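K.L.:
Okay, sequence plus prediction incoming.
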Amino acid sequence: MTLEEYGAVFLEALSLTRIAVPEETLLHRVADEVLEMAAAYQSDGTAFLADDPVNALAAFAYGLGWLDAGSRLGLFEPLATHPPDGADAAIPDRYGAHLDEKTHRYQRMLHSALLVVRAGPDEASPLSAGVEVFHSLASSWYAEGVELLRAGDLAGALARFSYGYAWLDAGVRAGLFRITSERGLFTV
C-alpha cells in the first residue's frame, strides 16, 4: 500500500468514527481527547506526504493506533481496527538515513515506554483487564517491529513501533496506565 493509500484509509476511518459515549459523561472527555489526537496525526501525516514520507508513515500509523485504541475502549463506533500490516510503504532511498534514525529511535522509545507503565486501575476494577490487553498489544507490535527491523524492513518496523506506541499513549490518557518514570515518553 502506498503512503497516499494509507493516508486515505486513515481519513476514511476517521470520517466514519463517532463518539459512542454520552456527552455528559467523563468518558466523553476521554473519547474527545483520543479522537483529537487521531485527527491531529492524520492531519500531520497528510502535511508530511509532500516532502517527508518517513514522518508521514509514522504519523499515519500512530494516529490509527490512537483511533483503534479508542475503539477497543468502547469510546467510538463503529468498532474497527486498522493494524499497520499493509502499511509497509516503500520509502525512497534518499530518505534512508532519516528512516534509519527514526525507526531505531522509536524502537528505543517504545521499549522504554513499555517498561515504565504500570496498571492504573485497581485489580478489582473491570478496567484492569484492559491494562493487560493494551500492554500485550503494544508489546506484540514492538516484537513485530523488531523482527522486521532485523529483516531490514525499516518502514514496516517504523509503522509497527508507531502503532504500538499509540496504544500505550492512549492507555495512559484513558487511565489504564500510570507512568512510573520518564513522563516525557508520553503525550500527557
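P.N.:
In hand now; what should we look at?

K.L.:
For the rest of this, base every contact and every neighbour count on C-alpha atoms.
P.N.:
Noted.

K.L.:
can you give me the strands for this structure?
P.N.:
Listed in chain order, the strands of the chain (DSSP state E) span 18-19, 76-77, 117-119, 177-179.

K.L.:
Pipe these into TSV and attach mean neighbour count, mean pLDDT and distance to residue 146 per row.
P.N.:
Formatted as TSV, these follow (neighbours: other C-alpha atoms under 10 Å; pLDDT from 0 to 100; distance: least, C-alpha to C-alpha, whole Å):
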stretch	mean neighbour count	mean pLDDT	distance to residue 146
strand 18-19	18	97	34
strand 76-77	20	96	30
strand 117-119	19	95	20
strand 177-179	20	96	24
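
K.L.:
now the ones you listed in a markdown table, with distance to residue 134?
P.N.:
Listed next are those as a markdown table, based on distance: least, C-alpha to C-alpha, whole Å:
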| stretch | distance to residue 134 |
| --- | --- |
| strand 18-19 | 20 |
| strand 76-77 | 16 |
| strand 117-119 | 10 |
| strand 177-179 | 9 |
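
K.L.:
for stretch 138-156, which positions count as buried?
P.N.:
Under the neighbour-count criterion of 16 or more other C-alpha atoms under 10 Å, stretch 138-156 has 138-139, 141-146, 148-149, 153-156 buried.

K.L.:
Just the CA atoms of it, as PDB, please.
P.N.:
The C-alpha coordinates for stretch 138-156 follow below in PDB (Å, rounded to 0.1, in the frame of the first residue of the first chain):
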ATOM      1  CA  ALA A 138       1.800  -2.700  22.300                       C
ATOM      2  CA  SER A 139       4.300  -5.400  23.200                       C
ATOM      3  CA  SER A 140       3.300  -7.600  20.200                       C
ATOM      4  CA  TRP A 141       3.600  -4.600  17.800                       C
ATOM      5  CA  TYR A 142       7.000  -3.900  19.300                       C
ATOM      6  CA  ALA A 143       8.100  -7.500  18.800                       C
ATOM      7  CA  GLU A 144       6.900  -7.500  15.200                       C
ATOM      8  CA  GLY A 145       8.700  -4.200  14.600                       C
ATOM      9  CA  VAL A 146      11.900  -5.800  16.000                       C
ATOM     10  CA  GLU A 147      11.600  -8.800  13.600                       C
ATOM     11  CA  LEU A 148      11.100  -6.500  10.600                       C
ATOM     12  CA  LEU A 149      14.000  -4.300  11.700                       C
ATOM     13  CA  ARG A 150      16.200  -7.400  11.800                       C
ATOM     14  CA  ALA A 151      15.000  -8.400   8.400                       C
ATOM     15  CA  GLY A 152      15.900  -4.900   7.000                       C
ATOM     16  CA  ASP A 153      12.300  -3.700   6.600                       C
ATOM     17  CA  LEU A 154      12.700  -0.300   8.300                       C
ATOM     18  CA  ALA A 155       9.400   1.100   7.000                       C
ATOM     19  CA  GLY A 156       7.400  -1.900   8.300                       C
END
